[in-house]
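> Need a 3D model of the sequence below.
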Amino acid sequence: MNYNDQAWTVFRCSLLKPLLLGEIPDSQRGAFFRQLSEQEHLLPNGVRKKISARTLRRWWKKLREDGVEALARRGRSDRGQPHRKQKQAKILARAVELKREQPRRSAHVINQILRHEFGRDLPHSTLYRHLRREGATRLKLGVKEQKIRCRWTREHSNALWLGDFEHGPTVMHQDQPVKTHLSAWIDCHSRYIVEARYYVREDLDILVDSLLRAWSHHGASQELYLDNAKIYHANALKLACAKLNIRLRYRPPREPAPGGLIERFFQTLQGQLEAEVEATPMLTLVQLNHALQAWLVNAYHSRIHSQTRETPEVRYQAGLTVRRQVDLSAVDGFFCKQVKRTVDRDHCDVTINRQFFAVDASLRGDRVIVKLDPFQSEDDLQEVELYREDGVYLGVGKRYQRERGYHPQPERPTSTDAIDPHYLKALAAEQEAQRQKQREVGIDYHSAQKRNVWSFNSWAKAFAQLLGREGGLSGLSPDELAALRVFHTQHDRVNEAVLRQAFVNAESKTIPQILLQLQSLLQEGRNL
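I've put the predicted structure just below:
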């Protein structure tokens with residue numbers, strides 16, 4: 001007996017109750033049925049209707065002979081079957097056959113085929129109901145793979161934290177309306193918010209700031225479950241978690257369901273706090289964060305959670321077994337911002353955010369890596385750390401103003417100790433060896449003259465460059481190379497200066513004219 005059958009049974013028993021309890025004698029039973037049939041009754045299906053005396057007598061007979069169960073409504077023998085004609089059954093059977101043939105076939109395509117074959121189609125609701133009853137839906141045919149999920153749970157607090165960003169209300173920041181971003185971390189066991197804060201940016205620095213705040217107040221968790229966004233894959237975050245023995249877990253791509261725990265918190269926050277904030281005059285960022293902390297303490301942490309049946313505050317404290325304290329100085333270095341800079345040769349400093357930091361004079365012109373605290377504002381940043389590209393520490397650069405002449409002028413090193421003239425001794429020894437060689441074999445004037453001759457390849461390349469030909473020797477034709485080779489063989493005193501002068505003197509920049517001017521210049525050189 002299903003729920004609807006029970007409702008009808010109770011209704012019929014309520015009408016026959018006086019007879020069942022013996023309040024109406026048998027002699028007045030017919031009058032009772034006639035009086036009851038003249039009244040309208042509200043049926044379990046919501047319809048008001050009169051019930052005939054004959055029907056009431058039949059119910060009473062069933063009740064006496066077979067008991068209360070006999071008053072239940074009997075289902076139709078043809079339930080689930082088409083009520084009109086046999087053609088309807090054929091259409092439905094054909095629709096199931098088409099769906100089994102191609103499980104991915106849509107209702108629109110099935111109806112189009114049915115219109116072609118039978119001249120009519122089926123309403124989508126009717127089609128889907130019969131496909132589901134026959135086990136011919138995508139899910140039942142195994143085409144649509146839907147994961148069977150389980151609820152996130154842990155046995156104690158600080159075992160697993162879930163973190164994510166969410167868009168927040170607009171605030172007044174630096175006299176301008178700015179959209180905020182909420183960074184929040186929730187404890188899986190207790191649903192306690194270990195850290196939540198609004199920011200005007202959504203990047204790695206904001207993520208790190210909120211995470212460091214959570215670590216400083218509540219210690220480290222055993223696991224972190226994060227979105228698959230790029231900032232959550234930052235090397236600095238991975239190194240910090242490895243340092244603290246925290247396991248990083250990531251939400252699968254295009255699957256929002258595993259992050260439902262923190263998404264549900266965002267939904268609660270939007271419906272309670274942010275809805276009221278947006279209805280009031282625009283707040284500042286500080287005022288919005290104060291309102292958030294007040295809401296967490298007074299409305300969220302102290303209210304019984306619908307899933308855990310405890311308040312997040314009580315459940316979090318009761319679930320704390322061991323608190324893992326975090327030495328923030330051990331992980332701060334992973335989150336330092338690193339930028340490459342070249343030390344200015346003239347001013348001996350590096351520039352960060354339009355601020356100047358003086359460095360040691362020995363680093364002028366060197367390529368260095370500057371590390372700075374990303375959480376300090378530009379006004380509070382007074383010094384930075386300098387490292388060589390291979391990681392060697394070079395010192396600290398302090399903020400200064402160039403116009404005040406922070407750096408003293410470097411002094412020229414002076415030495416009172418005389419150095420040994422090694423270079424001068426080497427020159428003298430080399431000259432003496434050359435003289436000794438000349439005394440032994442004499443001077444070969446022909447070889448000396450050949451050493452001063454400009455090689456043909458170099459001469460031809462220079463010739464091509466002055467002509468504006470690209471590709472060196474390949475820019476000259478074979479005939480031009482032959483003419484140049486003949487001239488080079490006959491004249492052995494050509495140099496670059498004479499060649500350039502010949503180009504200047506030539507009326508037209510052609511090889512014959514240039515060679516003519518070059519021959520004239522060489523002849524003048526011999527006559528001088």
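
> Show me what residue 170 is bridged to.
residue 179 (DSSP bridges).

> roughly how far apart are it and residue 513?
79 Å (Cβ to Cβ, to the nearest Å). Placement of C-beta: from N, CA and C, glycine included.

> Equivalent analysis for residue 284, please.
Using Cβ to Cβ, residue 284 is found at 83 Å from residue 513.

> if you count what's nearby, which of those two comes out ahead?
residue 513 (15 against 12; other Cβ atoms under 10 Å).

> Doesn't the more buried one belong to a helix?
Yes. Residue 513 forms part of a helix when assessed by DSSP: H, G, I helix; E, B strand; the rest coil.

> Can you report how many residues neighbour the residue lying closest to it once chain neighbours are set aside?
Leaving aside its sequence neighbours, residue 513 sits nearest to residue 506 (Cβ to Cβ, 6 or more residues apart in numbering; 4.3 Å). Neighbour count for residue 506, taken as other Cβ under 10 Å: 17.

> same thing with residue 191?
22.

> any idea of the mean pLDDT for whichever helix in the chain runs longest?
Looking across the chain with DSSP state H, the single longest helix is helix 422-441. When pLDDT is averaged over helix 422-441, the result is 75.

> Centre of the chain to that helix, how far?
72 Å (Cα atoms, centre = their mean, to the nearest Å).

> can you check stretch 105-123 too?
Using Cα atoms, centre = their mean, the offset of stretch 105-123 from its chain centre is 44 Å.

> What of stretch 221-234?
With Cα atoms, centre = their mean, you get 10 Å for stretch 221-234.

> With only the CA atoms kept, save that stretch in PDB.
The C-alpha trace of stretch 221-234 is given here as PDB (Å, rounded to 0.1, in the frame of the first residue of the first chain):
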ATOM      1  CA  SER A 221      46.200  21.900   8.800                       C
ATOM      2  CA  GLN A 222      47.200  18.500   7.500                       C
ATOM      3  CA  GLU A 223      45.700  19.100   4.100                       C
ATOM      4  CA  LEU A 224      44.600  22.000   1.900                       C
ATOM      5  CA  TYR A 225      41.900  21.600  -0.800                       C
ATOM      6  CA  LEU A 226      42.000  24.300  -3.400                       C
ATOM      7  CA  ASP A 227      40.500  25.300  -6.700                       C
ATOM      8  CA  ASN A 228      42.400  24.400  -9.900                       C
ATOM      9  CA  ALA A 229      43.100  28.100 -10.700                       C
ATOM     10  CA  LYS A 230      46.600  29.200 -11.700                       C
ATOM     11  CA  ILE A 231      47.500  31.000  -8.400                       C
ATOM     12  CA  TYR A 232      46.900  27.900  -6.400                       C
ATOM     13  CA  HIS A 233      49.700  26.100  -8.400                       C
ATOM     14  CA  ALA A 234      52.300  28.800  -7.500                       C
END
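
> Show residues contacting that stretch.
By Cβ atoms under 8 Å, 6 or more residues apart in numbering, the surrounding residues in contact with stretch 221-234 are 152, 158-165, 187-188, 203-204, 207, 241, 246-253, 258-259, 324.

> now with 6 Å?
158-164, 204, 207, 246-251, 253 (Cβ atoms under 6 Å, 6 or more residues apart in numbering).

> swap in stretch 307-318?
157, 190-192, 301-302, 304-305.

> picking that back up, what is the nearest of the contacts of stretch 221-234 to residue 473?
residue 204 (57.0 Å; Cβ to Cβ).

> Might you report the residue contacts of the closest one?
Taking Cβ under 6 Å, 6+ apart, one finds 231, 234 in contact with residue 204.

> again, but for residue 187
Here residue 187 is in contact with 157, 161, 194 (Cβ under 6 Å, 6+ apart).

> among the residues you listed, who's most crowded?
Top of those by neighbour count (other Cβ under 10 Å): residue 161, with 28 neighbours.

> which residue ranges form the strands in the stretch 1-150 of the chain?
40-42, 48-50 (DSSP state E, counting those that start in this stretch).

> what is the rounded mean pLDDT of the first one?
Model confidence over strand 40-42, given as mean pLDDT, is 89.

> and if you look at stretch 264-278?
90.

> where's residue 261, which helix or strand?
helix 260-269 (DSSP states H and E).

> tell me which residues in that helix are buried?
Judged by neighbour count using 16 or more other Cβ atoms under 10 Å, the buried positions of helix 260-269 are 261-262, 265-266, 269.

> Repeat that for stretch 223-236.
So for stretch 223-236, counting by 16+ other Cβ under 10 Å, buried means 223-227, 231-232, 234, 236.

> Over to stretch 22-35?
24, 32-33.

> Pick the one among those closest to residue 141.
Nearest to residue 141 among these: residue 33, at 54.1 Å, using Cβ to Cβ.

> so the closest one touches residue 53, yeah?
Yes. Look at residue 33 against residue 53 with Cβ atoms under 6 Å: they come within range, at 4.1 Å.

> Break the chain into its domains for me.
As recorded under automatic domain parsing, the domains making up the chain are 3-71, 86-133, 160-328, 336-404, 453-527.

> so how far is residue 94 from residue 111?
Distance of residue 111 to residue 94, computed by Cβ to Cβ: 11 Å.

> And the pLDDT at residue 74?
On the pLDDT scale, residue 74 gets 67.

> which residues in the stretch 401-528 of the chain form strands?
So, for the stretch 401-528 of the chain - with DSSP E, counting those that start in this stretch - there are no strands.

> what stretches of it score poorly on pLDDT?
Scanning the stretch 401-528 of the chain for pLDDT under 70 picks out 404-419, 438-453, 492, 525-528.

> In stretch 36-48, which residues are buried?
In stretch 36-48, the ones that count as buried by 16+ other Cβ under 10 Å are 36-37.

> Straight-line length of it, end to end?
Taking Cα to Cα, to the nearest Å, stretch 36-48 runs 14 Å from one end to the other.

> How about the contacts made by residue 235?
Listed by Cβ under 6 Å, 6+ apart, residue 235 has no contact partners.

> Mind listing residues that contact stretch 127-138?
So stretch 127-138 is contacted by 92, 95-96, 99-100, 103, 107, 144 (Cβ under 6 Å, 6+ apart).

> so where does residue 155 fall, helix or strand?
Assigned by DSSP H and E, residue 155 falls outside every helix and strand.

> Next, count neighbours for it.
Residue 155 has 8 neighbouring residues, counting by other Cβ under 10 Å.

> Could you measure from it over to residue 222?
For residue 155, the distance to residue 222 - Cβ to Cβ - is 11 Å.

> Cool, thanks, signing off.
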